[in-house]
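A.B. asks: how would this look folded up:
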Amino acid sequence: MPKKIVVTGIGATSPLGGNARDSWNALLAGESGARPIEADWVAALELPITFAAQAKVPAVEQLARIEAKRLDPGSQFALIAAREAWEDAGLGEDFVPERFGVDWATGIGGVWTLLDAWDTLRERGPRRVLPMTVPMLMPNAPAAAIEMALGARGGARTVVSACASSTESIANAYDHLQQDLADVIIAGGSEAAIHPLPLASFAAMQALSKRNDDPATASRPYDLTRDGFVLGEGGAAVVLETEEHALARGAKIYAEVVGGAVTSDAYHITAPDPEGSAAARAMIRAIEHYGYSRTDITHVNAHATSTPVGDIAEYNALKRVFGDHLANIAVSATKASTGHLLGAAGGIEAIFTVLALHEKVLPPTINLSEQDPDIDLDVVREPRKIEGDVIALSNSFGFGGHNAVVAFKSY
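C.D. replies: Prediction:
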């Protein structure tokens, strides 16, 4: 029999709030984290997109100055989220370092550090490049920062699978706990890519919303007028434990993780498979991992980026999995509020899914004025109360055809 794996701590810093609870409350209130970028480089470089979903509380305001200086912004977000989750879990000294691991994720890595260092090299010469440049820009830097700060000696792994990254990290943590590689794992992801180069690149591929005049309504999953995603940033962490370990120390438990799965499309580097077959397989494997049926699922936190092709591809995958039962599933598309946090997206959405089950309320999807008739879903538009035990999916799909799904159950 598989072990029971539970969530005992959550932490986040996002476009909606500087911690998990503030982010959740703003989500339920229907707020948007998207706003104009006030940096002078927007006008200087004549960027076609002038807004993003920036962190509500700057990371440098939440860390000691000397600590922030040695970390790329993506690692700063990681450390803030991980420390909150760790404190929330209440572990304190009650863990064995060799049985405590980190499964972290990023989609892009230390882009600010890399490109700032390149500018310094060109403009000021090699002697002015910081010696910490490589340790700061490497994709595993956030995982390293977490394991050193919290004393994890059971392994610190990093997933880089684009926008599926942090959901994959949670699925990996579930597997590693099942394999008895640890008693406690902190999992999640972080991203800080609101930089001129990613913005220009995403704009060039027509992936971003062009609603410069109204950022708050730009991310509109499933709407007929959706025109792209809103670039976001932040970090999100969950503490996962075996139920046995959690109960032995009297921990509070938010929810149970009942499955995780990863598949790949083998279709296109940026576009999802329009048939959604591999995405569907990921959902099915996550559901059946613990022996549940597809009809047991009543809630999905969808990937739902607000792109014309992405939203319909995920709908096709959902239809393939659930058939007529899809009418009984309440779908939340929370990127409408947070924007798209890339490698951190699945982490914040996992937290929203866990809190939905724990607090018995499903979060709303804002900015949905006229639902696309080709996407026949029961979309949650206002906070919706739920009762009883619920099993929910959190979906993430990324460039390269990466699909990751985690299933959570009320505890």
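A.B. asks: list the contacts for residue 351?
C.D. replies: Counting by C-beta atoms under 8 Å, 6 or more residues apart in numbering, residue 351 makes contact with 10, 12, 20, 23, 24, 236, 238. C-beta here means a position set from N, CA and C on the backbone, and glycine is covered the same way.
A.B. asks: dump the residues you listed to JSON lines, plus neighbour count, pLDDT and distance to residue 273.
C.D. replies: Below are the contacts of residue 351 laid out as JSON lines (neighbours: other C-beta atoms under 10 Å; pLDDT from 0 to 100; distance: C-beta to C-beta, whole Å):
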{"residue": "10", "neighbour count": "30", "pLDDT": "98", "distance to residue 273": "32"}
{"residue": "12", "neighbour count": "33", "pLDDT": "98", "distance to residue 273": "30"}
{"residue": "20", "neighbour count": "27", "pLDDT": "98", "distance to residue 273": "33"}
{"residue": "23", "neighbour count": "29", "pLDDT": "99", "distance to residue 273": "31"}
{"residue": "24", "neighbour count": "24", "pLDDT": "99", "distance to residue 273": "32"}
{"residue": "236", "neighbour count": "36", "pLDDT": "99", "distance to residue 273": "27"}
{"residue": "238", "neighbour count": "34", "pLDDT": "99", "distance to residue 273": "29"}
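A.B. asks: in a markdown table: those, plus secondary structure.
C.D. replies: A markdown table is the format used below for the contacts of residue 351 (DSSP: H, G, I helix; E, B strand; the rest coil):
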| residue | secondary structure |
| --- | --- |
| 10 | strand |
| 12 | strand |
| 20 | helix |
| 23 | helix |
| 24 | helix |
| 236 | strand |
| 238 | strand |
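A.B. asks: among those residues, which one sits closest to residue 336?
C.D. replies: Taking C-beta to C-beta as the measure, residue 23 is the one of those closest to residue 336, at 13.9 Å.
A.B. asks: measure that closest one to residue 220 for me?
C.D. replies: Residue 23 is 20 Å from residue 220, where distance means C-beta to C-beta, to the nearest Å.
A.B. asks: before we move on, what about residue 320?
C.D. replies: Residue 320 is 24 Å from residue 220, by C-beta to C-beta.
A.B. asks: try residue 322
C.D. replies: From residue 322 over to residue 220 the distance is 24 Å, taken as C-beta to C-beta.
A.B. asks: ok, those two, which is more surrounded?
C.D. replies: Of the pair residue 322 and residue 220, residue 220 is the one with more neighbours under other C-beta atoms under 10 Å, namely 26 against 20.
A.B. asks: wait, isn't the more buried one in contact with residue 372?
C.D. replies: No: applying C-beta atoms under 8 Å, one finds residue 220 not in contact with residue 372, separated by 10.1 Å.
A.B. asks: and for these two, which residues touch both?
C.D. replies: residue 226.
A.B. asks: which residue ranges form the helices in the stretch 251-400 of the chain?
C.D. replies: 277-288, 308-322, 335-338, 345-359 (DSSP state H, counting those that start in this stretch).
A.B. asks: which neighbouring elements make contact with the shortest one?
C.D. replies: With contacts defined as 3 or more C-beta pairs under 8 Å, 6 or more residues apart in numbering; DSSP states H and E, the secondary structure elements packing on helix 335-338 are helix 20-28, helix 345-359.
A.B. asks: tell me the pLDDT at residue 94?
C.D. replies: Looking at residue 94, its pLDDT stands at 76.
A.B. asks: separation between it and residue 255?
C.D. replies: 21 Å.
A.B. asks: the two: which is more packed in?
C.D. replies: Using other C-beta under 10 Å as the criterion, residue 94 and residue 255 rank with residue 255 on top: 24 against 13.
A.B. asks: hmm, the more buried one is touching residue 350, no?
C.D. replies: No: Residue 255 lies out of contact with residue 350 (C-beta under 8 Å); the separation is 9.6 Å.
A.B. asks: for stretch 43-57, C-alpha coordinates in PDB please.
C.D. replies: The C-alpha trace of stretch 43-57 is given here as PDB (Å, rounded to 0.1, in the frame of the first residue of the first chain):
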ATOM      1  CA  ALA A  43      10.200  53.300 -22.200                       C
ATOM      2  CA  ALA A  44      13.900  53.400 -23.000                       C
ATOM      3  CA  LEU A  45      13.700  50.100 -24.800                       C
ATOM      4  CA  GLU A  46      10.300  50.800 -26.400                       C
ATOM      5  CA  LEU A  47       8.900  47.500 -25.100                       C
ATOM      6  CA  PRO A  48       5.500  46.700 -26.700                       C
ATOM      7  CA  ILE A  49       4.200  45.300 -23.400                       C
ATOM      8  CA  THR A  50       4.300  47.700 -20.500                       C
ATOM      9  CA  PHE A  51       2.700  45.700 -17.700                       C
ATOM     10  CA  ALA A  52       3.200  42.500 -15.700                       C
ATOM     11  CA  ALA A  53       2.100  40.800 -12.500                       C
ATOM     12  CA  GLN A  54       4.900  41.900 -10.200                       C
ATOM     13  CA  ALA A  55       5.400  40.700  -6.700                       C
ATOM     14  CA  LYS A  56       3.100  42.600  -4.400                       C
ATOM     15  CA  VAL A  57       5.900  43.000  -1.800                       C
END
